[in-house]
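In: Could you work out the structure for the sequence below:
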Amino acid sequence: TLALAAALSAALLAPPAMAQAKEQFFPVLVYRTGAYGPNGGPWANGYLDYLKLTNANGGIHGVKVSYEECEFGYATDRGVECYERLKGKGATVFQPLSTGVTFALTEKAPADKIPLITAGYGRSESQDGGVFTWNFPLIGTYWMAADVLVQHIAKQAGGWAALKGKKFTLVYHDSPYGKEPIPMLTERSKMHGFDLNLIPVAHPGVEQKSAWLQIRQQRPDYVLLWGWGVMNTAALKEAQATGFPRDKMYGVWWAGAEPDVKDVGEGAKGYHALTMQHGVHTDAKVVQDILTKVHAKGQGTGPKDEVGQVLYMRGLISAMLAVEGVKRAQERFGKGKVMTGEQTRWGLENLALDQKKLDSLGFAGVMRPVSTSCQDHMGSAWARVHTWDGKKWVFSSDWLQADEAILKPMVKQAADKYAAEKKLTRRTPAECQS
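Out: Here you go, the predicted model:
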């Protein structure tokens, strides 16, 4: 028959790699070494453990997951090298865990047709899927984070009016990552009349004496910490040494994990940090599943006692979002088939993770629903705050939502500017459906 002939010729024309591919390949960019290793390690372990759990549960509609690590030490050039080395192996999606690497790959991904998931980091304006067609800053950007933090501080102070004349100091990692919140904080400072002082800290952030001398002299009401790795611990130790109250310090979600506070202990008591929805979840069903189906079988990636901790959960959730993107793509392009980068992109911008679905995956109490579209590549603008009690992280706020009325125009303006610079045209609604 004609249909059979067409099917046969299509099979013959299929590229050999895809014809043989029986596994969905996930490249894993990691940094277990260097100044940021203590924070990068748990993330990678959570990411890999979730991929292993996916296989233990029968894969993605029967398709097994394969993966390969590439160590880049948080160096942008090495991260790009890892990308170039692994992209040709049928890469489904890249998650660079570095804003610097994200900036570098944002221009490469469209040509290679491989989506980038930057859950909780990367370019804030890449939420705009009309321009950033391959970037997915799922469940959080730094503009969203900055907005939620200022909202929370205002709430604690007794309302927006209470912020007028107050002094905020941002202590930030002097990198694309650390500079990301500045536009949103500047916007909020104009709206509410608080002063904003900026103190950059050079990589890796061990040396902060001069920064904290400035803080001691200026006596800000609040310090916002946009650090990573050893920089966070150093900041908390300096705050303790200079007598700056820890309960007036608020970190972003990359400055609110166990490695940041464990060496400071009681000295960090009262310090608050944003959570990217989740905190510590040793009791979550997904964590229990990993302990029984992966660790108990001797297949755990890292130490068992970190399973369920903050950065481990961040990696685990990042992997889940990628797997669910593939699963969603299979619903359209064929269950039980290996998905291409392009097909996976469709899945990622049609994510429909409602609470029932999240609960069934073992994420009850961990996350809120995530719903993306062609135009919205973030999918959720909610976060919480947790506070270090000297021994553990404890949730200390209700759910907080970024103010879309401020966020959306900023995102569109920045995305339009990027499109004009790079001579890109926005995707049309028709292009979104293809």
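In: CA only for contacts and neighbour counts going forward, please
Out: OK.
In: Tell me which stretches of the stretch 51-200 of the chain form helices.
Out: 76-86, 99-106, 109-112, 142-157, 176-179, 182-192 (DSSP state H, counting those that start in this stretch).
In: Redo those as JSON lines? Include mean pLDDT and mean neighbour count.
Out: What follows is the helices of the stretch 51-200 of the chain, written out as JSON lines (pLDDT from 0 to 100; neighbours: other CA atoms under 10 Å):
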{"stretch": "helix 76-86", "mean pLDDT": "97", "mean neighbour count": "18"}
{"stretch": "helix 99-106", "mean pLDDT": "96", "mean neighbour count": "20"}
{"stretch": "helix 109-112", "mean pLDDT": "96", "mean neighbour count": "15"}
{"stretch": "helix 142-157", "mean pLDDT": "98", "mean neighbour count": "21"}
{"stretch": "helix 176-179", "mean pLDDT": "95", "mean neighbour count": "18"}
{"stretch": "helix 182-192", "mean pLDDT": "98", "mean neighbour count": "16"}
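In: would you list those in CSV and tack on distance to residue 408?
Out: CSV is the format used below for the helices of the stretch 51-200 of the chain (distance: least, CA to CA, whole Å):
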stretch, distance to residue 408
helix 76-86, 29
helix 99-106, 20
helix 109-112, 23
helix 142-157, 10
helix 176-179, 19
helix 182-192, 11
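In: Mind checking these for the one nearest to residue 65?
Out: Comparing the helices of the stretch 51-200 of the chain against residue 65 with CA to CA, the closest turns out to be helix 76-86 (15.1 Å).
In: same for that closest one, what does it pack against?
Out: Secondary structure elements in contact with helix 76-86, counted by 3 or more CA pairs under 8 Å, 6 or more residues apart in numbering; DSSP states H and E, are strand 23-30, strand 64-71, helix 99-106.
In: Among the helices of the stretch 51-200 of the chain, single out whichever gets nearest to residue 354.
Out: That would be, of these and by CA to CA, helix 142-157, which comes in at 20.8 Å.
In: Okay, angle between the closest one and helix 182-192 too, please.
Out: Interaxial angle, helix 142-157 versus helix 182-192 (axes from the mean of the first three to the mean of the last three CA atoms, to 10 degrees): 40 degrees.
In: counting contacts, what elements does helix 142-157 pack onto?
Out: Using 3+ CA pairs under 8 Å, 6+ apart, helix 142-157 sits against helix 182-192, strand 400-401.
In: okay, the ones you listed in CSV with distance to residue 348 next?
Out: Formatted as CSV, the helices and strands packed on helix 142-157 follow (distance: least, CA to CA, whole Å):
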stretch, distance to residue 348
helix 182-192, 26
strand 400-401, 22
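In: These: which one's closest to residue 220?
Out: Per CA to CA, nearest to residue 220 of the helices and strands packed on helix 142-157: helix 182-192, 14.0 Å.
In: CA atoms only for the closest one, dumped as CSV, please.
Out: Extracted as CSV, the C-alpha positions of helix 182-192 are listed here (Å, rounded to 0.1, in the frame of the first residue of the first chain):
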residue,chain,number,x,y,z
ILE,A,182,19.5,45.2,40.5
PRO,A,183,16.9,46.3,37.9
MET,A,184,13.9,45.1,40.0
LEU,A,185,15.4,46.4,43.3
THR,A,186,16.0,49.8,41.7
GLU,A,187,12.4,49.8,40.4
ARG,A,188,11.0,49.0,43.9
SER,A,189,13.2,51.5,45.6
LYS,A,190,11.8,54.3,43.3
MET,A,191,8.3,53.1,44.0
HIS,A,192,8.6,53.0,47.8
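In: hang on, the earlier thing: just put the helices and strands packed on helix 76-86 in TSV and tack on distance to residue 248.
Out: Putting these into TSV (distance: least, CA to CA, whole Å) gives the following:
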stretch	distance to residue 248
strand 23-30	33
strand 64-71	36
helix 99-106	27
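In: Can you tell me which of these is nearest to residue 300?
Out: It's strand 64-71; of these, that one is closest to residue 300 (CA to CA) at 14.7 Å.
In: So what's the gap between the closest one and the chain middle?
Out: 19 Å (CA atoms, centre = their mean, to the nearest Å).
In: Stretch 261-279 now?
Out: With CA atoms, centre = their mean, you get 18 Å for stretch 261-279.
In: got the buried residues for it?
Out: Neighbour counts over stretch 261-279 (16 or more other CA atoms under 10 Å) mark 261-262, 264-265, 267-279 as buried.
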